[in-house]
Each structure stands twice: as C-alpha cells, then as structure tokens.
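Visitor: What would the 3D arrangement of this be:
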Amino acid sequence: MPKYAIVHEWFDSYAGSERCVESFNTLYPEADVFALVNFLSDEELFQILKGKKPHTSFIQNLPFARKIFRSMLPLFPYAVEQHDLSAYDIIISSSHAVAKGVLTNSNQLHISYCHTPMRYAWDLYYQYMREAKLDKGLKAFLVKYILHKIRIWDVASSNRVDYFIANSKYVARRIKKIYNRDADVIYPPVDVELFPLHENKDDYYLTASRLVSYKKIDVIVKAFSELKNKKLVIIGDGPELSSLKKIATPNIEFLGYQSGKSLVAYMQRAKAFVFAADEDFGITVVEALSCGTPVIALNYGGTAETIIHKQNGIHYNHQNEISLRTAIHDFEQSIDKFNPNAISLSAQKYSRTRFEKEISEYVELKFSSFNNGRA
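Guide: A predicted model of the protein is given here:
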C-alpha cells in the first residue's frame, strides 16, 4: 500500500481549502498531515482531521506567531521546504500559497489541488499594494522586492508538482498563465445536504460574506442604496463593516455574523442571493443554490461556471453598482421563471460525495500511470 502525505498551508479557520483537506483525510485516513502552523482548537481540528495532529513548521513556535504568522510570508518558502516527506509515496498538497513547494524526489508522486496561485503576488498585486498604502517609501520598496522574489520561487516550485488539479476552469486558466502548466478541473466539495431546498421565498435579497475589500460588498450596498424599495440583508462581519454602514440606506440591514442554522434559514427564504466578488469558485453561491435560491453574480471567475444565466440565476458583466442594478431589474422581470427545485438540483453536482469519488479515481489513475512509467 502506498504511503500518503497531505500538505496544507495553515490551519487557522474552517473555510473552503480546509473542506478539501477534510475530504483528503477521509479518503486517506492513514495519511500524515503537514502544515506551516496549526492554531485551531482541538474541536475544530477534529472536524477536519478526525483526531490527528498536523506536523507543523518552525513558524509555529515563533513569538506572536498566532497573531502575525501571515506577516511572515518571506519565511514561508523556506519553512515549507523543511517538511521531510522522503518517506511517502504520494503527496497531495492543498495549495493557495506555498504548500505546492514541498520538496519531493523522482520516486514520489505529487498531486497539487490548487485553490489559486498566490493572488496577492499575482492577480491582486497592485490592489494589495494600494490598499496597504505601499505605493512609495522604504517599506513599499521592501515589500515589492519580497513579492518579486516570492514570484520567482512560486514559478520555480511549480515544477515540483507532477499533476495540478484546479478548483475551477477559471483557476486552471490562471495556472496555465502563471506556471505554464495544464490543470485538470475537479470542483471543490460543498456540503449541499446542510442547505436543503425551501420553495417559499420572502421579499428580501441576501448577501453573506466576510466584510473585506475584495468581496466587493460596497458594490452591493451602493446598488441597493439606489433601490430603496428593495430590502437587502447582509450577513457577516469584518473590517469593512463601519465604512459600509456609512453608505447604507435604511432598506439595508446588517445582521453581523450568524450561526450555521440562522444563515441557512436566511438563505432558504431569500428572494435571491447577491454576489459581487471575483472568486476562484464561490462555495457560498452553491450553498444558496442548494436552498433553491437564485443567485445574481458576476459573469466572471467561478460564478461564470456555477451560475447559468436565467436558469439558476442572473449574470452581470461589470463589477460595479450600475451593472448590478441592471441585473436586479432583469431578475425582477423574470422572477416567475425561476424554479426552486431546478435551482437546488443544479447545486447537487458539487457535493462532497462527488468530490471524494473524483479525487479518489484521479489519484488512483495517476499513481497507476506513475508506477508504469517507473517500470
């Protein structure tokens, strides 16, 4: 039997990439798990790894690492290369930054499930520098130089991967652009059974997200500030909350963070779910679909693949409030054509069961081919 290792960037929350690691661990329960740091509670970690503890890097023990480990980016390439994986036959990395950069040899198969190439070093580089106010000065120069070096390492380390899996066609195109590598697409797992169909809808629109700049909740707020006869409910918390409240009108309600059951209830009853981010995939969007709730989303990124115009939602083409308002108008004009049952059914192809089946078959196929190539 082959010996497996699972490599993940870090454990500090339970989000989309951790859902993938959870499935990898289900498929390969004897696998050892490696990460730069682990700051999850035992209960949170148990959900993902079912009692196992990840092997962590030296960053785990640095002063104040729990609070500032993300600021230690210059150390990440070196740290991930210190994971000794020489005893393993198959390495599966869950990578959105540096996990794909682990060192392997020619007798080891490395499959990288790539959530995205490092966005703050590539696609979002200029936006990141502007928002961090790093346009000029010594600090700006140092950060730009570090990210320049990170980009060089990022491309070089892509050659350590035998096979890339992308979580969407959108990410596969970015992998090709940045690494000049082809990637197969296996959509990530969505726990659709936790978001059951609800056919009766109330008269409000919903968005749910961390309130951070790249989620573009401000676009949604500005759109509804001009649509004062339409109610918008916003679920989530984050650093943008105060600035969003300043531009919101009385028809916009902020509920803050909501527990799983409350979030599901709001998703089930919403007239439509509104989404403005350029996401690699967009799990929340599929959760809304599973509830039978149509989605109004960008015709770009992952939502260009999950949302089918005028079947399970409405697309708009520009990430601004004018384009979004037009899409809301189009939705209102065709609202009777949306069938909650059909919408919910469109989400089922993204289930966790499907993900685990496709990953298992993929790894088995590639390992068989890899062994034949060594014969």
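
Visitor: all contacts plus neighbour counts: C-alpha atoms, from now on.
Guide: Noted.

Visitor: Now stretch 299-316: buried residues?
Guide: Within stretch 299-316, the residues that count as buried by 16 or more other CA atoms under 10 Å are 299-304, 306-308, 310, 312-316.

Visitor: Next: stretch 364-375.
Guide: Those would be Lys366, Phe367, for stretch 364-375 by 16+ other CA under 10 Å.

Visitor: Kindly report the same for stretch 15-27.
Guide: Those buried within stretch 15-27 under the rule 16+ other CA under 10 Å are Gly16, Ser17, Glu18, Arg19, Cys20, Val21, Glu22, Ser23, Phe24, Asn25.

Visitor: what's the pLDDT at Gly373?
Guide: Gly373 is assigned a predicted lDDT (pLDDT) of 68.

Visitor: Also Ala304?
Guide: Note on Ala304: pLDDT of 95.

Visitor: Where does pLDDT dip in the protein?
Guide: Low-confidence regions of the chain, defined by pLDDT under 70, span residues 373-375.

Visitor: just to revisit the earlier point, going by distance to Thr284, which of the buried residues of stretch 15-27 wins?
Guide: Gly16 (9.6 Å; CA to CA).

Visitor: Tell me, how many residues neighbour the closest residue to that closest one other than its chain neighbours?
Guide: Leaving aside its sequence neighbours, Gly16 sits nearest to Ile283 (CA to CA, 6 or more residues apart in numbering; 7.1 Å). When counting by other CA atoms under 10 Å, one arrives at 22 neighbours for Ile283.

Visitor: Ile283 and Pro188: what is the separation?
Guide: Ile283 sits 8 Å away from Pro188, going by CA to CA, to the nearest Å.

Visitor: Overlap in contacts, those two.
Guide: In terms of CA atoms under 8 Å, 6 or more residues apart in numbering, Ile283 and Pro188 are both contacted by the residues Gly16.

Visitor: Okay, and Phe46 sits in which element?
Guide: Using DSSP states H and E, Phe46 falls within helix 42-49.

Visitor: Can you give me the buried ones in that helix?
Guide: Residues Leu45, Ile48, Leu49 are the ones in helix 42-49 that count as buried (16+ other CA under 10 Å).

Visitor: for stretch 245-252, same thing?
Guide: Neighbour counts over stretch 245-252 (16+ other CA under 10 Å) mark Ala248, Thr249, Asn251, Ile252 as buried.

Visitor: can you pull the contacts of the residue lying closest to the last one once chain neighbours are set aside?
Guide: Nearest-residue entry for Ile252: Leu232, 4.8 Å, with adjacent residues in sequence omitted and distances by CA to CA, 6+ apart. By CA under 8 Å, 6+ apart, the contact set of Leu232 is Tyr204, Tyr205, Leu206, Thr207, Phe224, Asn251, Ile252, Glu253.

Visitor: can you pull the contacts of the fifth one?
Guide: With CA under 8 Å, 6+ apart as the criterion, the residues that contact Phe224 are Lys230, Lys231, Leu232, Thr249, Asn251, Ile252, Arg325.

Visitor: Look at it and give its secondary structure.
Guide: What DSSP: H, G, I helix; E, B strand; the rest coil gives for Phe224 is helix.

Visitor: how far away is it from Tyr113?
Guide: Distance, Phe224 to Tyr113, by CA to CA: 37 Å.

Visitor: got it, and the second one?
Guide: For Tyr205, the distance to Tyr113 equals 34 Å [CA to CA].

Visitor: Those two: which has the busier surroundings?
Guide: Tyr113 (28 against 23).

Visitor: show me the contacts for that one.
Guide: By CA under 8 Å, 6+ apart, the neighbours of Tyr113 are Ile92, Ser93, Ser94, Ser95, Phe164, Ile165, Ala166, Asn167.

Visitor: how about 6 Å then?
Guide: Ser93, Ser94, Ile165 (CA atoms under 6 Å, 6 or more residues apart in numbering).

Visitor: shouldn't the second one be in contact with Trp10?
Guide: What it means is Ser94. No. Using CA atoms under 6 Å, Ser94 is not in contact with Trp10, being 9.8 Å away.

Visitor: what's Asp162 in contact with, if anything?
Guide: Neighbours of Asp162 in contact, by CA under 6 Å, 6+ apart: His110, Ile111.

Visitor: if we go to 8 Å?
Guide: Contacts of Asp162 (CA under 8 Å, 6+ apart): Leu109, His110, Ile111, Ser112.

Visitor: got TSV for the residues you listed, with secondary structure, neighbour count and distance to Asp184 too?
Guide: Converted to TSV, those look like this (DSSP: H, G, I helix; E, B strand; the rest coil; neighbours: other CA atoms under 10 Å; distance: CA to CA, whole Å):
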residue	secondary structure	neighbour count	distance to Asp184
Leu109	strand	23	16
His110	strand	28	14
Ile111	strand	23	11
Ser112	strand	26	10
